[in-house]
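Asker: Give me the fold of what follows.
(2 chains)
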There are 2 protein chains.
Amino acid sequence: MPAHRFPLPDDAEAAFYRAFQSGDLDAMMAVWDEGDDIVCVHPLGPRLEGRQSVAESWRPILGVRPRLRVSLSHVRRTVAGDLAVYSAVERIAVREDEGVRTSVILATNVYRSTLAGWRMILHHASPIRPVRPRAPAVVH
Amino acid sequence: MPAHRFPLPDDAEAAFYRAFQSGDLDAMMAVWDEGDDIVCVHPLGPRLEGRQSVAESWRPILGVRPRLRVSLSHVRRTVAGDLAVYSAVERIAVREDEGVRTSVILATNVYRSTLAGWRMILHHASPIRPVRPRAPAVVH
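Answerer: This is a model prediction of the structure:
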């Protein structure tokens, strides 16, 4: 399945966000490593381990319709040997009845080089404390 | 400074939590890599980059008195070549007037092998959504 081979860490990272954005669970799980030592933390969620827990956790997220839009910024990448670590800021926009709600999430993604190409072994996502809007000035 | 050399990833990880628990900023910064590509995320905080921002962020945390107690569990470690990735559950206990308050934090720590031993390049810590206590049963 050449579509599931990620010869470079960047290929795996791009495939992860493509699957996230398109809502494709099979494509998402093709990015994750086959080992049972994989770890996934969704914002404010518990630590999930193993493919079954990870797949179950993504199902409702990827099922959101209309699809959410994910844009990345401030990407930092460290690759050394068989591990690659990415740190990025995700802006996740969800269309709701009242308009578009955007969340800012910090993500750490780790990929490992395997015989099947680079595969994700860790995703740790967490929210930034919302900045309280200034209290409106009191007009006397 | 042999005390600042961490020949194994586990040495650096142990030194990180020793510095965290003892409130020693110098020891903490001796664990962090000298490179400006280091990244630190405290629970719900923004992404901090570079030694100066990282050191400033730890100062108030390490200054808490009486010292907080940090205990680790569910540690998972992946080492490959020059990178080591740890995932763990931190239980942080703070003594307050009303008693001891414990927070459960998920941490991802990444270390890089350098000429000065293994050094931390990333710390990503985030809280788990508190589980709401069950509403007390209504007694008629």
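
Asker: and the closest residue to chain B within chain A, what is it in contact with?
Answerer: Distances between chain A and chain B by CB to the nearest CB are smallest at A:Gly81, namely 2.4 Å. Every residue, glycine included, has its C-beta placed from N, CA and C. Listed by CB atoms under 8 Å, 6 or more residues apart in numbering or on different chains, the contact partners of A:Gly81 are A:Ser113, B:Ala80, B:Gly81, B:Asp82, B:Leu83.

Asker: try 7 Å this time
Answerer: Counting by CB atoms under 7 Å, 6 or more residues apart in numbering or on different chains, A:Gly81 makes contact with B:Ala80, B:Gly81, B:Asp82, B:Leu83.

Asker: who wins for most neighbours among the residues you listed?
Answerer: B:Leu83 (25 neighbours; other CB atoms under 10 Å in any protein chain shown).

Asker: Bridge partners for that one, pull those for me.
Answerer: Counting by DSSP bridges, B:Leu83 is bridged to B:Ala80, B:Arg112.

Asker: Tell me how far it lies from A:Gln21.
Answerer: Distance, B:Leu83 to A:Gln21, using CB to CB, to the nearest Å: 27 Å.

Asker: all strands of chain A, in order?
Answerer: Along chain A, the segments classed as strands by DSSP state E run A:39-41, A:47-49, A:69-80, A:83-96, A:99-114, A:117-127.

Asker: Make JSON lines out of these and add mean pLDDT.
Answerer: Putting these into JSON lines (pLDDT from 0 to 100) gives the following:
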{"stretch": "strand A:39-41", "mean pLDDT": "98"}
{"stretch": "strand A:47-49", "mean pLDDT": "97"}
{"stretch": "strand A:69-80", "mean pLDDT": "95"}
{"stretch": "strand A:83-96", "mean pLDDT": "95"}
{"stretch": "strand A:99-114", "mean pLDDT": "95"}
{"stretch": "strand A:117-127", "mean pLDDT": "97"}
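
Asker: for chain A, which helix is longest?
Answerer: For chain A, the helix with the greatest residue count under DSSP state H is helix A:9-22.

Asker: now it against strand A:83-96, angle please.
Answerer: Helix A:9-22 runs at 20 degrees relative to strand A:83-96, counting by axes from the mean of the first three to the mean of the last three CA atoms, to 10 degrees.

Asker: contacts for helix A:9-22?
Answerer: Against helix A:9-22 from outside (CB under 7 Å, 6+ apart): A:6, A:27-28, A:31, A:67, A:69-70, A:72, A:79, A:84, A:86, A:109, A:111, A:118-120.

Asker: ok, now with 8 Å
Answerer: Outside helix A:9-22, the residues that touch it by CB under 8 Å, 6+ apart are A:6, A:24-25, A:27-28, A:30-31, A:61-62, A:67-70, A:72, A:77, A:79, A:84, A:86, A:109, A:111, A:113, A:117-120, A:123.

Asker: just those that are near chain B?
Answerer: A:Ser113 (CB under 8 Å from any CB of the partner chain).

Asker: Can you go through the contacts of helix A:9-22 and name the buried ones?
Answerer: By neighbour count, with 16 or more other CB atoms under 10 Å in any protein chain shown, the contacts of helix A:9-22 hold A:6, A:27-28, A:30-31, A:62, A:68, A:70, A:79, A:84, A:86, A:109, A:111, A:113, A:117-120, A:123 as buried.

Asker: mind checking how far A:Arg101 is from A:Arg95?
Answerer: 8 Å.

Asker: Looking at the two, which one has more neighbours?
Answerer: Taking other CB under 10 Å, A:Arg101 and A:Arg95 do not tie; A:Arg95 has more neighbours (14 against 11).
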